[in-house]
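In: Just to be clear, the model below is a prediction. Sequence and coordinates:
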Amino acid sequence: MAIKKKRKIIYTAVALFVLVGMVLSVTLGFLYDLFSVSGKGKYSLPDVVAMVNNEEITGDELEFQFEQLRYFYEMQGVDLNNVEMRRQVQLQILQEIINETLLFQGAQKEGISVSDSEVEAEYEEILSERFGGDEEALEEELANQNLTTAESKENIARRLKIEEYIAQYTEANFDEEEREASEEDLQELYEEYLSFFKDDEDTDVPDFEELKPLLQAEWEQRKRGEVINKLLEELKEEGEIEILI
């Protein structure tokens, strides 16, 4: 039983590594007021915290995203009661908002569109997978975030446009060999995971073939990160960005 438990932990560790990468890629997807910290001073956000090619990013947007990610940072041991640390975290989140804005602007410039049926299908998938088909539960969650169903679908459309923009950029700028993982690529990634447990003789590490699907997912996520970083570098060089905090 102990071996099975440790094996499960390893699978979970690999899966979480992939999940965290997804959360923090563009997305961190996708990624809001005046706040004070008791005993630590006060830091105020301006009405506009950044300009991205003449598009405003507001303090409300930043504070909203900050509150959405608060739990994640606190789980990492980040002291958000410290004003300077809080400001650093806000700057990190702001950079992700800027990145997402640049990608959406790029998608708009390329004339990328999504159909109502695509948006509806994605909405229904979220309803089914995250809320078990309970529309009232979904609407309650949206209300907690001060969002309407229509606004949530606008957000879905925005994300789908960005996804298609990234896919088209990848197709145009990376050949097929660069887009697909070789056995050697996956083996190197497997060696990384083995190194995590090299001093733990009691751990039963799954073999390469058993972990291959998760290794493939991790490799694809890393490659996606490389593509997005390259695209963002180009967009930042071409664009005009002003951070106001």
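Out: That came through fine.
In: switch to C-alpha atoms for all contacts and neighbour counts from now on
Out: Will do.
In: phi, psi of residue 58?
Out: When read as degrees, to the nearest 10, the backbone of residue 58 gives phi -90, psi 160.
In: any chance you could map the helices in this structure?
Out: Here the chain has its helices, by DSSP state H, at 2-24, 59-75, 83-109, 116-131, 135-144, 149-173, 176-179, 183-196, 208-238.
In: Show me the domain layout of this structure.
Out: 1-29+174-240, 31-109 (automatic domain parsing).
In: pLDDT below threshold where in the protein?
Out: 1-43, 200-202 (pLDDT under 70).
In: redo that, cut-off 80
Out: 1-44, 176-179, 197-205 (pLDDT under 80).
In: coming back round to it: got the helices of the chain as CSV, with mean neighbour count and distance to residue 45 columns?
Out: Converted to CSV, those look like this (neighbours: other CA atoms under 10 Å; distance: least, CA to CA, whole Å):
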stretch, mean neighbour count, distance to residue 45
helix 2-24, 15, 23
helix 59-75, 16, 6
helix 83-109, 19, 10
helix 116-131, 14, 33
helix 135-144, 14, 23
helix 149-173, 16, 24
helix 176-179, 11, 41
helix 183-196, 14, 41
helix 208-238, 16, 24
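In: looking at the ones you listed, which is closest to residue 46?
Out: helix 59-75 (5.8 Å; CA to CA).
In: which helices and strands does that closest one pack with?
Out: On a contact count with 3 or more CA pairs under 8 Å, 6 or more residues apart in numbering; DSSP states H and E, helix 59-75 meets strand 48-52, helix 83-109.
In: Format these as TSV; extra columns: distance to residue 184.
Out: Output for the helices and strands packed on helix 59-75, formatted as TSV (distance: least, CA to CA, whole Å):
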stretch	distance to residue 184
strand 48-52	41
helix 83-109	32
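In: Which among these is found nearest to residue 65?
Out: It's helix 83-109; of those, that one is closest to residue 65 (CA to CA) at 7.3 Å.
In: which secondary structure elements does the closest one contact?
Out: Against helix 83-109 (3+ CA pairs under 8 Å, 6+ apart) you get strand 41-43, strand 48-52, helix 59-75, helix 149-173, helix 208-238.
In: thinking again about what came up before, could I get the helices of the chain as TSV with distance to residue 44?
Out: Shown next, in TSV, are the helices of the chain (distance: least, CA to CA, whole Å):
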stretch	distance to residue 44
helix 2-24	26
helix 59-75	9
helix 83-109	10
helix 116-131	35
helix 135-144	24
helix 149-173	27
helix 176-179	44
helix 183-196	42
helix 208-238	27
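In: State the phi and psi torsions of residue 205.
Out: phi -80, psi 130.
In: likewise residue 79?
Out: Here is the backbone geometry of residue 79 (degrees, to the nearest 10): phi -80, psi 100.
In: and the gap between the nearest residue to it once chain neighbours are set aside and residue 245?
Out: Nearest non-adjacent residue to residue 79, counting by CA to CA, 6 or more residues apart in numbering: residue 85, 6.7 Å away. Look at residue 85 and residue 245: by CA to CA, to the nearest Å, they are 14 Å apart.
In: Next: residue 234.
Out: Residue 234 is 24 Å from residue 245, by CA to CA.
In: for residue 238, same thing?
Out: 22 Å.
In: what's near enough to touch residue 157?
Out: Counting by CA atoms under 8 Å, 6 or more residues apart in numbering, residue 157 makes contact with 114, 119.
In: now with 6 Å?
Out: By CA atoms under 6 Å, 6 or more residues apart in numbering, the contact set of residue 157 is residue 119.
In: Any idea how many residues pack against residue 54?
Out: For residue 54, the count of nearby residues is 11 (other CA atoms under 10 Å).
In: Leaving out sequence neighbours, find the closest residue to it.
Out: Counting by CA to CA, 6+ apart, residue 54 lies nearest to residue 240, which is 7.9 Å off, once chain neighbours are set aside.
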